[in-house]
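Asker: Coordinates for the following, if possible.
(chains A, B, C and D)
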Number of protein chains: 2
Amino acid sequence: MMDHVDKILAQWMRERPDLDVSAMGLLGRLARLRAHLAREIEKIFTEHGLTSASFDVLAALRRSGPPFQLSPGDLMATTMVTSGTMTNRIDQLEKAGLVERLDNPDDRRGVIIGLTEEGLKRVEAAVTDHVANQHHLLECLETKDRQALDGLLRKLLAAFE
Amino acid sequence: MMDHVDKILAQWMRERPDLDVSAMGLLGRLARLRAHLAREIEKIFTEHGLTSASFDVLAALRRSGPPFQLSPGDLMATTMVTSGTMTNRIDQLEKAGLVERLDNPDDRRGVIIGLTEEGLKRVEAAVTDHVANQHHLLECLETKDRQALDGLLRKLLAAFE
DNA sequence: CCCATTTATCTTGACGTCAAGATAATTTTA
DNA sequence: TAAAATTATCTTGACGTCAAGATAAATGGG
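Answerer: So this is what the prediction gives:
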């Protein structure tokens, strides 16, 4: 069965037969798949008045456990974004009343970001729906395939982190 | 071996043992991997004065074959972006002298985007380096693993397009 | 043949991200 | 302990993207 990426590869093979496009096929499918998945995942967050970006921050705080507090630096590390992006995300979440900036007693350069009561409620509801949606998105793969795919992704990811 | 995603899952299992996080693991690895790969890929384009966005457009034109012309609508379909985004990309590429807007003789609503001579030279050089880089990025996977991964991605992608 | 609908592209305004640099506090070095 | 280097966060300005709507041309039903 020929998919969209196969058509792209066929074009390249016709136009540039000197290129070995096998890697392009894999990486192209990974990129397209990610785009589709990201859009589907975003829908659930929208239902909770969140975005993937804001959920990432709230989720990192929630899963860190009580008292649901982390520094901006900690949050940057887990979310793979720059400091400017994290400042902006925190600003938005603070405006929305979902997190608060607290003084860091140990280091006056830094602050501590904490979930508010409303932020906690919001992320609890969102993560429950999000996890259910994630299973839905993968249900076209049998258990064995899912495990194999996860294993291969892990292997490849290990080369980068 | 425990990777970054495993640590996230372990946190969720501790905090929310009611959630089945197996799908989150796979999707999290996919997302992080994509982010790492996108950054590495971008580096090569930067060397050629391009971005992933501009390369996508030039590459679509190049692989369509002579005379290297497509409509904005065709380009939107292959690149998965909205019309506003495509207009902007074409504007930038036109300013850079890499593509040109030509009248569409069959439909006066539309235009035809064509590679300029400089655009063709640029994309030829970029794609050669890009393909080599793609192989480099996957070289930590043996052939068999690469094929297996590609097959699983294809299967999952089929559910979305 | 004409009007309503659809199609192709562009415009606008808002948002999220990043890179680079600024600021202020901590840590290290001499 | 004072100066230098490092660290944590925020600021700024530019860019790419999107959703929604505008414009203009093609198409189809009456």
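Asker: measure whatever residue of chain A ends up closest to DNA strand C to A:K43 for me?
Answerer: DNA strand C sits closest to A:G84 of chain A, with a gap of 2.6 Å, by C-beta to the nearest atom of the strand. Bear in mind the C-beta positions are built from the backbone N, C-alpha and C, glycine included. To A:K43, A:G84 is 27 Å away according to C-beta to C-beta, to the nearest Å.
Asker: residues near the residue of chain A closest to DNA strand C, how many?
Answerer: Each residue near A:G84 was counted by other C-beta atoms under 10 Å in any protein chain shown, and the total is 9.
Asker: now swap in A:D56 and tell me
Answerer: Quick note: A:D56 (other C-beta under 10 Å) scores 20 neighbours.
Asker: now check the helix or strand hosting it, is it near chain B?
Answerer: Following DSSP states H and E, one finds A:D56 within helix A:52-63. Yes - residues of helix A:52-63 contacting chain B under C-beta under 8 Å from any C-beta of the partner chain: A:62-63.
Asker: cool, and stretch A:149-161?
Answerer: Yes - for stretch A:149-161, a contact with chain B is found by C-beta under 8 Å from any C-beta, at A:149-150, A:152-161.
Asker: Could you list the buried residues of that stretch?
Answerer: Of the residues in stretch A:149-161, A:149-157 count as buried by neighbour count, 16 or more other C-beta atoms under 10 Å in any protein chain shown.
Asker: Same question for stretch A:92-105.
Answerer: A:93, A:98-100.
Asker: Among those, name the ones in helices.
Answerer: A:L93 (DSSP state H).
Asker: and which of the buried residues of stretch A:92-105 is nearest A:V21?
Answerer: Of all those, A:L93 has the smallest distance to A:V21: 42.8 Å, by C-beta to C-beta.
Asker: Make sure I have this right: A:L102 is in a strand.
Answerer: Yes - counting by DSSP: H, G, I helix; E, B strand; the rest coil, A:L102 falls inside a strand.
Asker: before we move on, the earlier item: okay if I get the buried residues of stretch A:149-161 as a markdown table plus secondary structure and distance to DNA strand C?
Answerer: As requested, the buried residues of stretch A:149-161 are exported to a markdown table (DSSP: H, G, I helix; E, B strand; the rest coil; distance: C-beta to the nearest atom of the strand, whole Å):
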| residue | secondary structure | distance to DNA strand C |
| --- | --- | --- |
| A:L149 | helix | 25 |
| A:D150 | helix | 24 |
| A:G151 | helix | 27 |
| A:L152 | helix | 25 |
| A:L153 | helix | 20 |
| A:R154 | helix | 22 |
| A:K155 | helix | 24 |
| A:L156 | helix | 20 |
| A:L157 | helix | 17 |
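Asker: lowest-confidence helix or strand of chain A?
Answerer: When the helices and strands of chain A are compared on mean pLDDT, DSSP states H and E, helix A:22-47 comes out lowest with a mean of 92.
Asker: Does it reach DNA strand C?
Answerer: No - Helix A:22-47 lies out of reach of DNA strand C by C-beta under 7 Å from any atom of the strand, never closer than 10.7 Å.
Asker: So which residues on chain A come close to DNA strand C?
Answerer: Proximity of chain A to DNA strand C, by C-beta under 7 Å from any atom of the strand, involves residues A:51-54, A:80-85, A:88-89, A:92, A:107-109.
Asker: Now list the buried members of these.
Answerer: For the residues of chain A next to DNA strand C, buried by 16+ other C-beta under 10 Å: A:52-54, A:81, A:89.
Asker: Just the closest of the residues you listed to B:D145, please.
Answerer: Among these, and counting by C-beta to C-beta, the member closest to B:D145 is A:S52, at 29.1 Å.
Asker: Provide a list of residues in contact with the residue nearest to A:L138 when sequence neighbours are not counted.
Answerer: In this structure, A:L138 finds its nearest non-sequential neighbour in B:A23, 5.1 Å apart by C-beta to C-beta, 6 or more residues apart in numbering or on different chains. Residues counted as contacts of B:A23 (C-beta atoms under 8 Å, 6 or more residues apart in numbering or on different chains) are A:131, A:134-135, A:137-138, A:146.
Asker: Could you do A:S54 as well?
Answerer: If you count contacts by C-beta under 8 Å, 6+ apart, then A:S54 has A:45, A:89, A:92-93, A:96, A:98 around it.
Asker: repeat that with 7 Å
Answerer: A:S54 sits next to A:89, A:92-93 when contact means C-beta atoms under 7 Å, 6 or more residues apart in numbering or on different chains.
Asker: same for chain B: which of those residues are within range?
Answerer: Counting by C-beta under 7 Å from any C-beta of the partner chain, the subset of the contacts of A:S54 that neighbours chain B is empty.
Asker: near DNA strand D, from the residues you listed?
Answerer: Counting by C-beta under 7 Å from any atom of the strand, no member of the contacts of A:S54 reaches DNA strand D.
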